[in-house]
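In: Have a look at this prediction, sequence included:
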Amino acid sequence: MQIADRIHPITAIVYSDGGQFEALLQEVTAAMTEHGMRLAGLLQRSEPKPDRLKCDMHLQDLATGELHRISDDRGPHARGCVLNTDRLLRACATAEAGLSSRTDLMILCKFGKTEVEGGGFRTLIANALDLSVRVLIGVPSINLTPFREFSAGLTREIAMSELGSDGLAAARHLWPDLWLTRRNGGARMNRPLEKVPLVSPSPLVSGMNGVKRFAPLLPIFER
């Protein structure tokens, strides 16, 4: 186990190429699922359209497998944001229902514009930390400064270039302790993690302009 995990329950993969990161995160998630880890969260799956400049965007709920379309079709020449925030909120509500204290890891695809503005996945991250569940999230390099302001020292940052292109190797590199397994009747099972609650009942406090961010309180994860 890396010591950083004990005081940095959030892991941020910092990237500049969204397409490459989406592919890597899908491979990492598939490897973890195959290994028997209990996952929650939302994974982006973009669907290119030959007659559209913008992809259709879907979020896959990792606890249920359900797909949520979160983009609007604004015509073949649309160039601006096509995100439907109401659909995003519904997907977040579903993902929250799949989160529990038995979850090994919450995976979230992106700290994007919606999160920078104070919405999106922020509440999901807070709820995961309330349950002492670790979080993996992608952070575009252009959003790194507001993400740091939000996470307030609870994050270890890893450049995507450090992980290579092998999803299985990347997953093992990120959390060696989650790969300690035992066999039971031929089935691979992840070792249960002992968790203690956060030292504060809520890791969020109101910052300037009413934007919520994490209080600098460090949860301790015992292995």
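Out: Okay, I see it.
In: What are the boundaries of the strands in the protein?
Out: Along the chain, the stretches classed as strands by DSSP state E are 10-15, 39-47, 56-61, 67-69, 105-108, 134-140, 155-159, 181-184, 187-190, 204-206, 212-214.
In: Can you give me the buried ones in the fourth one?
Out: Of the residues in strand 67-69, those scored as buried under the neighbour-count criterion (16 or more other CB atoms under 10 Å) are residue 68. C-beta coordinates here come from the backbone N, C-alpha and C atoms, glycine included.
In: Looking at that strand now, give me its mean pLDDT.
Out: Model confidence over strand 67-69, given as mean pLDDT, is 87.
In: coming back round to it: right, so the strands of the chain: which one is the most enclosed?
Out: strand 105-108 (a mean of 26; mean count of other CB atoms under 10 Å).
In: which residues are in contact with that strand?
Out: The set of residues external to strand 105-108 that reach it, using CB atoms under 8 Å, 6 or more residues apart in numbering, is 25, 28-29, 32, 37-43, 62, 99, 121, 124-125, 128, 133-138, 175, 178.
In: Please repeat the previous calculation with a cut-off of 6 Å.
Out: By CB atoms under 6 Å, 6 or more residues apart in numbering, the residues outside strand 105-108 that reach it are 29, 39-42, 121, 128, 133-137.
In: which one of these is nearest residue 14?
Out: Distances from residue 14 to the contacts of strand 105-108, taken as CB to CB, are shortest for residue 137 (10.2 Å).
In: and the nearest residue to that closest one once chain neighbours are set aside, bridged to which residues?
Out: In space, not counting the residues next to it along the chain, residue 137 is nearest to residue 108; the distance is 4.4 Å by CB to CB, 6 or more residues apart in numbering. Partner residues in beta bridges with residue 108: residue 42, residue 137, with DSSP bridges as the criterion.
In: Tell me how far residue 108 lies from residue 142.
Out: When distance is defined by CB to CB, to the nearest Å, residue 108 is 17 Å away from residue 142.
In: before we move on, what about residue 39?
Out: Counting by CB to CB, the separation of residue 39 from residue 142 is 27 Å.
In: cool, residue 106 as well?
Out: Counting by CB to CB, the separation of residue 106 from residue 142 is 23 Å.
In: now residue 152: how far from residue 138?
Out: For residue 152, the distance to residue 138 (CB to CB) stands at 19 Å.
In: right, I mislabeled it, should have said residue 158
Out: Here the criterion is CB to CB. By it, residue 158 lies 11 Å from residue 138.
In: For the longest helix seen in the chain, the averaged confidence score.
Out: When every helix of the chain is counted residue by residue (DSSP state H), the longest turns out to be helix 18-34. Model confidence over helix 18-34 averages 91 on the pLDDT scale.
In: got the angle for it vs strand 134-140?
Out: Between the direction of helix 18-34 and that of strand 134-140, the angle (axes from the mean of the first three to the mean of the last three CA atoms, to 10 degrees) works out to 160 degrees.
In: now for helix 18-34, which elements pack on it?
Out: In this structure, helix 18-34 makes packing contacts with helix 167-174, judged by 3 or more CB pairs under 6 Å, 6 or more residues apart in numbering; DSSP states H and E.
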